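Trainee: Give me a 3D structure for the following:
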Amino acid sequence: MSHMSKCDIIPKDAKAILCAVSGGADSVYLLHRATAEAKINDVTVHVAHYNHNLRGKESDRDESFVKNLCRDLGVNLICESGDVALYSKQNKIGTEEAARELRYDFLARVAKSVKADYILTAHTADDNAETILLN
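Mentor: As a prediction, the model looks like this:
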């Protein structure tokens, strides 16, 4: 999978995409851009939301928000939740790393099941800095 320019949300060869949506402003913006572009280019949009269950009712509100958003936009949504804290403890890794591993595994499985050509994720400058530090 490749990176795209700031102008291209969906690669030209895509027939189906999976958009990872947390419920935060960056991923919601990405979904709106992707659905608008998908209509023009006849691309199927699927959405994946992973509930990390780390913030109690806030996590559940995010999931509910994403469900309502996808319903309003008429896009297919696949949700999953996990016990990140338990996974973190069992694997002796930090919470952020555990959340990332579970989320990326979920995204890969969903992308395969819906036959998505690409997975779109939204990242802020802070996310990019974190990725550079981790790698």
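Trainee: In stretch 34-50, which residues are buried?
Mentor: Neighbour counts over stretch 34-50 (16 or more other CB atoms under 10 Å) mark 34-35, 37-38, 43-50 as buried. C-beta coordinates here come from the backbone N, C-alpha and C atoms, glycine included.
Trainee: quick one: which of those residues is nearest residue 16?
Mentor: residue 44 (4.2 Å; CB to CB).
Trainee: before we move on, back to that, which two in the buried residues of stretch 34-50 are spaced the farthest apart?
Mentor: 37 and 50 (23.5 Å).
Trainee: which residues in the protein form strands?
Mentor: Applying DSSP state E to the chain gives strands spanning 16-20, 44-51, 76-81, 118-120.
Trainee: list the buried ones in the top helix by length along the chain?
Mentor: Longest helix of the chain, by residue count under DSSP state H: helix 95-114. Using 16+ other CB under 10 Å as the test for burial, helix 95-114 gives 98-103, 106-107, 110-111, 114.
Trainee: do the same with stretch 113-122
Mentor: For stretch 113-122, a neighbour-count test (16+ other CB under 10 Å) marks 114, 116-122 as buried.
Trainee: Quick one: residues in contact with it.
Mentor: Contacts with stretch 113-122, where a contact means CB atoms under 8 Å, 6 or more residues apart in numbering, come from 1, 9-11, 13-20, 24, 26-27, 29-30, 34, 46, 76, 78, 107-108, 110-111.
Trainee: Also stretch 47-57?
Mentor: 18-23, 31, 59-60, 62-63, 66-67, 70, 75-85, 95, 99, 102-103, 106-107, 110-111.
Trainee: centroid residue for this protein?
Mentor: Centroid-nearest residue in the chain: residue 20, 1.5 Å away (criterion: CA atoms, centre = their mean).
Trainee: Would you mind confirming that it is in contact with residue 31?
Mentor: No: look at residue 20 against residue 31 with CB atoms under 8 Å: they stay out of range, at 9.2 Å.
Trainee: now residue 81: how far from residue 92?
Mentor: Distance, residue 81 to residue 92, using CB to CB, to the nearest Å: 22 Å.
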